[in-house]
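> Have a look at this prediction, sequence included:
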Amino acid sequence: MAELRFDGRVVIVTGAGAGLGRAYALLFAARGASVVVNDLGSGKAGDGTSTKAADTVVQEIKAKGGIAAPDYNSVVDGEKIVQTALDNFGRIDVVVNNAGILRDRSFARISNNDWDIIHDVHLKGAFKVTQAAWPHFRKQNYGRVIVTSSNAGILGNFGQANYSAAKMGLVGLSNTLAIEGRKNNIHSNVIVPTAASRLTEGILPPDLFNELKPELIAPVVVWLCHESCEENGSIIDSSAGYAAKVQIFRGSGTLLRQKITDSFTPEDVRDKWSKVTDMTNPTPSGSIEESTFALMSQLDLLKSGA
Ligand code: NAD
């Protein structure tokens, strides 16, 4: 089978100066892409700035014969990062929204600033970079977007209310980009990584940490961004050379009243709660259209009094 190549394609990887972003940038470049290595060079809580992180990865790529340009802007200035791609390479094809920081606190202790900076870097940052690339994607009828979520968002995690909320917000962003982009061959997918990096050092057990190399997730992201990949609107959980699609399911539920003219009480809900929460026969939650169709079917049942 032919190698998956990105020759002539221009890829922005945000937060590419370290960890997962660095692994993505190196693999894209090895496959022929011109890569904008964006990194603000901040500490893991979002403090400070440095050009070193982006410069080091650009040097690594160039040393291997690849094509790369550094960008030191924060993702909240997304238009500047896209401008770096245009100035250096004349186009933009792929945006990998990866930059991230942590401000972990139990919910009772989260300050407004802890909330805002996490939402700025993760959610607003992805919005701003993708927003700046979007008109170019539409015009060329081609684009690939990755947003980076987390199991902390999908499942929740103690001490990460701010991060969880932003990471689940990114799922909603990607799902809508997938719908709006489809007609212009713009695909958007969510990666849910687990990898050794400064964000997980001291959190993951050391044995596990050593196994979870960011390089073992990069091939999944690179495949999702290839022009031949049809995946769109999906969530892909990946770690240690494993990948799986994640979906939300709904149970079959139950009617809480018999006829369309009936009312029902909190006690009726209580008495039927085991059926409301029964997940023995789940179906994957599909599109808004499917969800509306399911609602109409329940209304029809009520109208017929079945
Ligand atoms: P990392 O700290 O190694 O890399 C993140 C990079 O983003 C850093 O180099 C940092 O300087 C950069 N950055 C921070 N704020 C920025 C900004 N405003 N603009 C541009 N760059 C900025 O962390 P990582 O583990 O590689 O994380 C990458 C992404 O994966 C993050 O979004 C993180 O939330 C997510 N994630 C990681 C894991 C994991 O197990 N490592 C799990 C779930 C999600």
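Structure's in. What do you need? Numbers count the residues shown, from 1 in each chain.
> quick one: stretch 9-18 to chain centroid distance?
Using CA atoms, centre = their mean, to the nearest Å, we find the averaged C-alpha position of stretch 9-18 to lie 14 Å away from the chain's own average C-alpha position.
> Kindly report the residues of the stretch 51-200 of the chain close to the ligand.
By CB under 6 Å from any ligand atom, the residues of the stretch 51-200 of the chain that approach the ligand are 53, 74-75, 98-101, 121, 125, 148, 150, 193-195, 197-200. All C-beta spots, glycine's among them, are computed from the backbone N, C-alpha and C.
> Just the closest residue of the stretch 101-250 of the chain to the ligand, please.
Ser197 (3.1 Å; CB to the nearest ligand atom).
> Disregarding residues adjacent in the polypeptide, which is nearest to that residue?
Closest residue in space to Ser197, ignoring its immediate chain neighbours: Gly19 at 3.3 Å, by CB to CB, 6 or more residues apart in numbering.
> Kindly report the same for Ala25.
Ala16 (4.1 Å).
> so the residue of the stretch 101-250 of the chain closest to the ligand sits in a strand?
No: remark: Ser197 does not belong to a strand; assigned using DSSP: H, G, I helix; E, B strand; the rest coil, it is coil.
> That one: how many residues sit nearby?
Other residues near Ser197 come to 22 when the count uses other CB atoms under 10 Å.
> wait, doesn't it sit right on Pro214?
Yes: using CB atoms under 8 Å, Ser197 and Pro214 qualify as a contacting pair, with a distance of 6.5 Å.
> Am I right that the residue nearest to Ala25 sits in a helix?
No: counting by three-state DSSP, Ala16 falls outside a helix, being coil.
> give me every residue that touches it.
The neighbourhood of Ala16, defined by CB atoms under 8 Å, 6 or more residues apart in numbering, consists of 22, 24-25, 35, 37-39, 54, 57, 98.
> Then Lys80?
Taking CB under 8 Å, 6+ apart as the definition, contacts of Lys80 comprise 71, 73.
> Next SSE downstream of the strand or helix carrying it?
Taking DSSP states H and E as the criterion, the element that holds Lys80 is helix 78-89. Tracing the chain C-terminally past helix 78-89 and defining elements by DSSP H and E, one meets strand 94-97 next.
> Quickly run through the sheet partners of that following strand, with directions.
Sheet pairing for strand 94-97, assigned by DSSP bridges, gives strand 10-13 (parallel), strand 143-148 (parallel).
> what do Ser197 and Pro214 both touch?
Common contacts of Ser197 and Pro214, defined by CB under 8 Å, 6+ apart, comprise 19-20.
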